[in-house]
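Asks: with the sequence up front, the predicted model follows.
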Amino acid sequence: MSFFTADLISGLISNFIQFLLILLLAPLSGGIIKKVKALSQKRKGAPVLQMYFDLWKLIRKESVVSDTASWIFKATPYIVFAATAAAAFMVPVTTLVPSAISGDLLLLIYLLALGRFFMCLSALDTGSTFGGMGASREAMISALIEPSLLVSIFTVGLISGTTAVDQMMNTMKAVGVPLLHPVYILCFFAMIIIILAETSRIPVDDPATHLELTMVHEAMILEYSGRQLALMEYSAAIKQLIFLTLLVNLFLPTDQLVSLAGISGAGAAIPAVVIAAALALYILKIILASLVIAITEISTVKFRFFSIPNLAALSFILAFLGFLQYFVLGR
Amino acid sequence: MNKQEINSITALKKELLARHPELSKSEIHGNTLCLDTDSDSYQALCKNLNHKFAFPLVSMFASDNRASTGCFTIHTVFAHRQAGILISIALPVDPSYGAFPSLCDLIPAAALYEREIHDLFGLHPMGHPNPKRLVFHGNWPKNHYPLRSDYPAEKRPDFADERIEFTRIDGEGVYEIPVGPVHAGIIEPGHFRFSLAGEPILNLEAQLYFVHKGIEKLSEGKTIEHGFYLSERISGDETFTNSLTYCQAVEKIAGIKVPVRASFTRVLFAELERVTSHLGDLAGICQDVAYGFASYQFKMLRGWSYRIADELCGMRFLRSVNIPGGVRKDFVHGKEEILARLLSELQKELAETEAIVMRNSLFIDRIENTGILKNKIAVDLNATGPGGRASGVDFDVRTAFPYEVYTQLEFETPVQSDGDVSSRMKVKLAECFQSISLMLQVLERIPQGTVREEIGMLEPYRSAYGLTEAPRGENIHYVMVGENNTILRYKVRTPSFCSWPALCHAVSGNIVPDFPLINKSFNLSYAGNDL
């Protein structure tokens, strides 16, 4: 029997469509967050679609590269984008596919870490002052936040008995309303703090600042311009949507996830209406999650840099308590 | 009131003459006691004034009097703030000798003034521990001293190529980061050299004077009117207070008193400028900790105060309001009601904003204990204004050296003692409310009458000091007139000049990401410092 069964092919097609969906929607959540923040400040703010325009503008501009930069600087945008896109390929958005072609959550996390590693290297590469500072800060923050990320993921993984993304989502789908369960609600809040740290949001970083001395993520990509900058910013947007998707599809009601498993034969198509409904629900959940982030950003201020360990510790404790709850209460 | 002041200034004169019988000349001009000394007794006299009487050094500058007296003169100015007296000491310096004794060891605040004198006049401060260039950078050639009267203002010297050396801190893992002169965001240029061990700042050295415009040289030989326009252009956000200080000095020389209605009008404008400036600072503080709501709220209020300025004079930056002898026209007439309404709206919204912002514990956590300026340093370096008052320096030019009609109005000077960003923010907030209240009082009490007096012909070679409370603190301008109503020497000392070194002290020990916040809480003027 050939390796390329009909199941596999339909799964791959489904995966690819969902991957395109993430690429397409990635700049949107940032736009929503910016719009909500602007409205809270009595401003009209930029259009929700502004980031699409910005990326289009940047792609057409030439890149200026420092004389002192090595190949790392030039290669990094492509490495970061490739790693992030590969991670995006593993995240089911609306349709669950058989696990043979789905990814492992650990792989996803460390693909993103690979991108970050190269981003830190490229920040050091040009020898500019702010790049080095940004890289050292980013390394510190990611080292602090990684334990809580792993513990909260493993808690869900433990319950599911696997770290495959789609099977975890399938398990959570069976739970029904995870946020009513003590284990998951703790992991949910841990995850929100993780997202704030991983996607350079206020209280950890200020995505809107112009002050190089306070920057983290922005300081690392300060030397980039044109198409390279577009790739870096686009990758950051995709990463943010990956995390938001994980959050909403794991912890919010996941009934909309259409299961492809069990439907055999390429001809047995799932009704288009079901897919459309799943997509609409997914977008609604992403908007909701963006609102949560926007409101967190509005109501907090950027922490003093040396207070970030406290935040990471809080996230870790939440995740770890969730982990313990599993043994006490079961799922 | 007036009589008592004269009494105390004469008492001071008597006291000083008894201690220093060698003083060759001593004269009283208004609230200024002018003393002539020589290089032998100069240090002893200054030490006495600063250490025994605790009079702070408030200004120090040179003037080129070779045409009239055959020598340069170093003017060293101390202030007796409790009695509102300035003590101006004149020290002649022989051009062939070209040096004067440094006061640095006795008075730390003298360090910058003496370096400035060296750059501009080529007079060497003997015994100065760090006689590095201050005004000029590596591209300015040696032996070019532009403020000497024989140096043509239009002369463009060739570029020199010399490196500026910064203070080096040695130690394991200590590194430097250069920031500026061009910054992200729309702010003025200045270079900051940090020495760091990880994130904590060990030392900060600021290299300013990137926007040196040569205001003092440009004013030489120009008419009094021309000098007025120059004074308005020293610093964009202190237009009114600088022009007011200049006018005050000229009016003192002319010996005229401004009409009462003009005085009230001037208070109105000065306080409006203060509110506008403080609101911008408050917005900046909030923005630097990513507190978006508060930042935009303060920015909006700043917009409102610009609107009030627009309503008053049709010019948001308050140019061409003043004129030596009063104000240009009756700006207030017929606008009392609308101004009172706008001011009350501003007051109400500001109170609501303050209530929200100062209750945000995360925000308070950021600004408390950040960037502490110790009282001792503030006093030694003569840091005045909100920056000084937040560190317990209880001094306000409006009460210590009353000008215009401040004695007829009720206001308080807010003082805090912690010296951190939070204290500076509280002082600025409280000052906003005081200024709004002052403006409302002005609108109630302003009498009818003329708004302008002619200054007429000024007696040549007379000089005077103007002294006002700028939004950033004590502002001192010295004007000496020549023949035919021209300016012989115009020396500007803005509060920023004294506060920049204080900022550098307040920063050490903090971490790098907190620097912008500390900097914004002082919000010193680059243009006002660089002149």
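Replies: Cool, the structure landed. Numbers count the residues shown, from 1 in each chain, chains lettered A, B, ... in the order given.

Asks: need the longest helix for chain A.
Replies: helix A:6-40 (DSSP state H).

Asks: equivalent analysis for chain B, please.
Replies: Chain B, longest helix under DSSP H: helix B:260-288.

Asks: helix or strand right after that helix?
Replies: Later in the chain than helix B:260-288, the nearest helix or strand by DSSP states H and E is helix B:292-313.

Asks: report the angle between that following helix and helix A:6-40.
Replies: 40 degrees (axes from the mean of the first three to the mean of the last three CA atoms, to 10 degrees).

Asks: contact partners for the nearest residue to residue B:297 once chain neighbours are set aside?
Replies: Distances taken as CB to CB, 6 or more residues apart in numbering or on different chains place residue B:353 nearest to residue B:297, at 4.8 Å, with adjacent residues excluded. (Glycine included, C-beta is placed from N, CA and C.) Residue B:353 makes contacts with B:294, B:297, B:298, B:301, as judged by CB atoms under 8 Å, 6 or more residues apart in numbering or on different chains.

Asks: if I look at residue B:353, how far off is chain A?
Replies: Distance check for residue B:353 against chain A: by CB to the nearest CB, to the nearest Å, it reads 12 Å.

Asks: can I assume that residue sits in a helix?
Replies: Yes: counting by DSSP: H, G, I helix; E, B strand; the rest coil, residue B:353 falls inside a helix.

Asks: okay, angle between the longest helix of chain B and helix B:292-313 too, please.
Replies: Using the same axes, to 10 degrees: helix B:260-288 against helix B:292-313 is 160 degrees.

Asks: and helix B:260-288, what does it pack onto?
Replies: If you count contacts as 3 or more CB pairs under 8 Å, 6 or more residues apart in numbering or on different chains; DSSP states H and E, helix B:260-288 packs onto helix B:239-254, helix B:292-313, strand B:326-327, helix B:336-357, helix B:421-445, helix B:515-522.

Asks: now that helix: mean pLDDT?
Replies: Helix B:260-288 shows a mean pLDDT of 94.

Asks: next, count neighbours for the residue lying closest to residue B:318 once chain neighbours are set aside.
Replies: Leaving aside its sequence neighbours, residue B:318 sits nearest to residue B:240 (CB to CB, 6+ apart; 4.3 Å). Other residues lying near residue B:240 total 27 when counted by other CB atoms under 10 Å in any protein chain shown.

Asks: over to residue B:21?
Replies: Neighbours of residue B:21 using other CB under 10 Å come to 8.

Asks: and residue A:210, by the same measure?
Replies: If you count neighbours by other CB under 10 Å, residue A:210 ends up with 16.

Asks: which residues does it contact?
Replies: Residue A:210 touches B:184, B:185, counting by CB under 8 Å, 6+ apart.

Asks: pLDDT score for it?
Replies: 85.

Asks: and it, helix, strand or coil?
Replies: Three-state call for residue A:210 (three-state DSSP): coil.

Asks: straight-line length of stretch B:440-449, end to end?
Replies: Distance across stretch B:440-449, first residue to last, is 19 Å (CA to CA, to the nearest Å).

Asks: can you give me the helices for the stretch 351-500 of chain B?
Replies: Counting by DSSP state H, counting those that start in this stretch, the stretch 351-500 of chain B has helices at residues B:361-367, B:375-380, B:385-389, B:397-400, B:421-445, B:495-507.

Asks: mean neighbour count added to these, as CSV?
Replies: Below are these laid out as CSV (neighbours: other CB atoms under 10 Å in any protein chain shown):
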stretch, mean neighbour count
helix B:361-367, 18
helix B:375-380, 18
helix B:385-389, 29
helix B:397-400, 20
helix B:421-445, 22
helix B:495-507, 24
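
Asks: so for chain A, which of the ones you listed sits nearest?
Replies: With CB to the nearest CB, the closest approach to chain A among these belongs to helix B:361-367: 4.9 Å.

Asks: most surrounded residue in the contacts of residue B:353?
Replies: residue B:298 (27 neighbours).

Asks: can you tell me how far it sits from chain A?
Replies: Per CB to the nearest CB, residue B:298 is found 11 Å from chain A.

Asks: can you spell out which residues form a bridge with the spatially closest residue to residue B:463 that is not a sequence neighbour?
Replies: Excluding its sequence neighbours, the residue lying closest to residue B:463 (CB to CB, 6+ apart) is residue B:480, at 3.8 Å. Note on residue B:480: beta-bridge partners by DSSP bridges are residue B:463, residue B:489.

Asks: so residue B:480 is in contact with residue B:460, correct?
Replies: No: applying CB atoms under 8 Å, one finds residue B:480 not in contact with residue B:460, separated by 9.5 Å.

Asks: and these two? Which one has more around it.
Replies: Higher neighbour count among residue B:480 and residue B:460: residue B:480, with 20 against 14, using other CB under 10 Å.
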